[in-house]
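>>> Need the 3D shape of this:
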Amino acid sequence: MKHPLRPILREAERVLGAAGVASPRVDAELLAAHVLGVTRTELALVTEVDEERARRIRDLVARRAAREPLQHLIGTAVLGPVEVMVGPGVFVPRPETELLLEWGLAAIKPVASPLVVDLCTGSGALALAVAESRPDAAVHAVEADPAALEWARRNIARHDVRVTLHAGDVHDPGLLRELAGRVDLVLCNPPYVPDGTPVPPEVADWDPPGAVFGGADGLAVIRSVIARAAELLRDGGYLAVEHDDTHAEAVPALLRASGRFRDVEDHRDLAGRPRFATARRAVT
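This next block holds a predicted model:
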């Protein structure tokens with residue numbers, strides 16, 4: 001038995017909207033496209049679905065209405081030019097991080113065969129996006145959490161790029177000691193939400209807390225990131241670190257207070273919120 005697709009999508013949008021999902025129409029269409037094996041654009045060409053696919057769409061919509069992350073339901077997330085597998089145990093990459101990625105790529109555009117480090121790599125998305133964009137780059141990705149490391153290993157194995165994965169902690173003063181003073185760019189999307197901050201159910205119930213919360217003020221990991229970046233970067237090397245929207249003054253202040261960086265700036269995301277800070281390693 002065939003079912004018209006449009007009424008299924010309208011009902012899915014209604015259910016998701018009632019559940020408080022921020023983008024009910026987009027999510028409904030992406031879930032349907034996933035089940036049907038087409039892109040969201042190609043969905044417009046589909047008029048009917050069979051009973052089994054209609055059931056699968058409704059089942060996924062019900063799970064999304066219960067605020068299971070969309071990316072978990074379809075199994076992947078996109079960051080810049082790469083698609084990575086995600087699921088329970090790893091932080092889901094956010095679109096906002098693409099601005100940090102773009103800044104980093106622009107910073108190293110004149111650098112031949114750049115050496116890049118991605119701290120707190122999680123799924124490996126940021127490291128892979130750099131490597132995909134700059135095939136001549138040598139990219140090192142660092143992650144401490146065993147579950148996230150496994151996701152990163154799987155994602156790196158799916159891409160034919162130069163990314164070396166390290167099990168390591170940004171709090172370790174000896175992290176990547178062999179690269180000290182040689183790195184052209186350090187990128188990081190660390191845990192930065194202040195402890196106790198209310199977050200959406202998709203975050204509270206599904207993202208690993210250790211990948212979200214960064215201590216009482218949200219800066220516990222960022223402080224170590226700044227210290228590690230100062231050790232890793234060459235003179236004039238670049239740092240970009242994502243932060244909470246309450247950190248527009250705090251993170252630049254930490255960079256300046258370290259005495260090891262210059263050209264400190266803060267940047268806003270597409271919604272106008274403070275989102276990441278950048279700096280250059282001062283000449284020693």
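>>> Dig out what the closest residue to residue 212 other than its chain neighbours forms beta bridges with.
Nearest residue to residue 212 in three dimensions, chain neighbours excluded: residue 193, at 5.2 Å (C-beta to C-beta, 6 or more residues apart in numbering). Glycine gets a C-beta too; all of them are placed from N, C-alpha and C. Under the criterion DSSP bridges, residue 193 forms beta bridges with residue 213.
>>> Please name the residues that touch residue 193.
Residues near residue 193 by C-beta atoms under 8 Å, 6 or more residues apart in numbering: 199, 212-214, 218, 244.
>>> Closest one of those residues to residue 265?
Residue 265 lies nearest to residue 244 out of the contacts of residue 193, by C-beta to C-beta, at 16.9 Å.
>>> hang on, the closest one is in a helix, isn't it?
No. Under DSSP: H, G, I helix; E, B strand; the rest coil, residue 244 sits outside any helix and is assigned coil.
>>> who's in contact with it?
Neighbours of residue 244 in contact, by C-beta under 8 Å, 6+ apart: 192-194, 197, 214, 218.
>>> Weed out the non-buried ones from those.
Those of the contacts of residue 244 that meet the buried threshold are 192-194, 214, 218, by 16 or more other C-beta atoms under 10 Å.
>>> Run through the strands of the stretch 1-150 of the chain in chain order.
Listed in chain order, the strands of the stretch 1-150 of the chain (DSSP state E, counting those that start in this stretch) span 2-4, 48-50, 76-79, 82-85, 115-119, 138-143.
>>> and the direction of the last one versus that of strand 115-119, what angle?
Angle of strand 138-143 versus strand 115-119, following axes from the mean of the first three to the mean of the last three C-alpha atoms, to 10 degrees, is 10 degrees.
>>> before we move on, back to that, export the buried ones among the contacts of residue 244 as a markdown table, with columns for distance to residue 232 and pLDDT.
Output for these, formatted as a markdown table (distance: C-beta to C-beta, whole Å; pLDDT from 0 to 100):
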| residue | distance to residue 232 | pLDDT |
| --- | --- | --- |
| 192 | 20 | 98 |
| 193 | 25 | 98 |
| 194 | 26 | 98 |
| 214 | 20 | 98 |
| 218 | 23 | 98 |
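>>> tell me, how many neighbours does residue 10 end up with?
Per other C-beta atoms under 10 Å, the neighbour tally for residue 10 reads 12.
>>> er, residue 58 I mean
Applying other C-beta under 10 Å, we find 16 residues neighbouring residue 58.
>>> what's the answer for residue 60, then?
Quick note: residue 60 (other C-beta under 10 Å) scores 22 neighbours.
>>> And for residue 256?
13.
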